[in-house]
Each structure stands twice: as structure tokens, then as C-alpha cells.
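Colleague: following is a predicted model, sequence given first.
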Amino acid sequence: MRPFFAEFQPDLLIVSAGYDANRDDMLAGIELLPEDFGELTQFCLELTSKILFVLEGGYNLPSLAESVVETIRACLQH
């Protein structure tokens with residue numbers, strides 16, 4: 001757990017799930033892998049299991065699908 005979040009205990013975590021940060025999506029140029037979204041989800045799950053994901057970006061459909069699957073996989077394994 002990151003020190004900044006050590007005392008943070010949200011009732012609900014709302015995540016703006018922008019998958020345009022995927023390396024195959026040319027919009028953001030951030031170059032995350034689908035597995036990175038799973039890791040980010042695991043970090044969120046360390047804060048709370050009450051999470052609302054709102055899909056708001058991702059324009060390369062194959063990489064969007066892979067990234068969403070990794071997010072859901074992390075939730076199911078928690």
C-alpha cells in the first residue's frame with residue numbers, strides 16, 4: 001500500500017476507466033499493456049472492493065477488449 005493511501009478508506013471508489021492509455025491506442029501515447037490495467041485494478045481493490053468502473057475511452061477495439069478483460073479478471077480473482 002502506498003503511504004499516501006494508507007489511511008484512505010473510501011465507501012465507494014469511482015474509476016474513470018480510460019483505456020485509451022493502451023499502447024495500441026494512438027490517442028494518448030501512454031503505452032500501457034492490457035496487463036497493466038489488471039495491476040491498476042488490483043491496486044484499487046486494495047483500497048476497497050466497492051468500485052464502480054465507468055468506461056470513457058479506448059478507441060482500438062481489440063486492445064480495449066483485452067484491457068477490459070484484464071480489469072474484470074483482477075476483480076474476479078480478488
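Modeller: Yep, that arrived.

Colleague: quick one: low-confidence parts of the protein?
Modeller: 1-2 (pLDDT under 70).

Colleague: mind naming the longest helix for it?
Modeller: When the chain is parsed with DSSP state H, its longest helix is helix 61-77.

Colleague: contacts for it, please.
Modeller: 17, 19, 22-25, 32, 34-39, 41-42, 45, 51, 53, 55, 58 (C-beta atoms under 8 Å, 6 or more residues apart in numbering). In short, each C-beta sits where N, CA and C put it, glycine included.

Colleague: and it, how far out from the chain's middle?
Modeller: 9 Å (C-alpha atoms, centre = their mean, to the nearest Å).

Colleague: tell me which residues of that helix come out buried.
Modeller: Neighbour-count burial for helix 61-77, counted by 16 or more other C-beta atoms under 10 Å, picks out Ser63, Leu64, Glu66, Ser67, Val68, Glu70, Thr71, Arg73, Ala74, Cys75.

Colleague: same thing with stretch 12-30?
Modeller: Ala17, Gly18, Tyr19, Asp20, Ala21, Asn22, Asp24, Asp25, Ala28.

Colleague: just the endpoints, please. Distance across that stretch?
Modeller: 27 Å (C-alpha to C-alpha, to the nearest Å).

Colleague: and the contacts of that stretch?
Modeller: By C-beta under 8 Å, 6+ apart, stretch 12-30 touches 31-34, 37, 44, 47-48, 50-60, 62-64, 66-68, 71.

Colleague: could you turn the buried ones of these into a PyMOL selection?
Modeller: Command for PyMOL that selects the buried part of the contacts of stretch 12-30, burial taken from 16+ other C-beta under 10 Å:
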select buried, resi 32+34+37+44+51+53+58+60+63+64+66+67+68+71
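
Colleague: Phe37: what's it in contact with?
Modeller: Tyr19, Asn22, Ser67, Val68, Glu70, Thr71.

Colleague: need those in JSON lines with distance to Leu13, can you?
Modeller: Compiled in JSON lines, those are given as follows (distance: C-beta to C-beta, whole Å):
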{"residue": "Tyr19", "distance to Leu13": "17"}
{"residue": "Asn22", "distance to Leu13": "21"}
{"residue": "Ser67", "distance to Leu13": "18"}
{"residue": "Val68", "distance to Leu13": "17"}
{"residue": "Glu70", "distance to Leu13": "18"}
{"residue": "Thr71", "distance to Leu13": "13"}
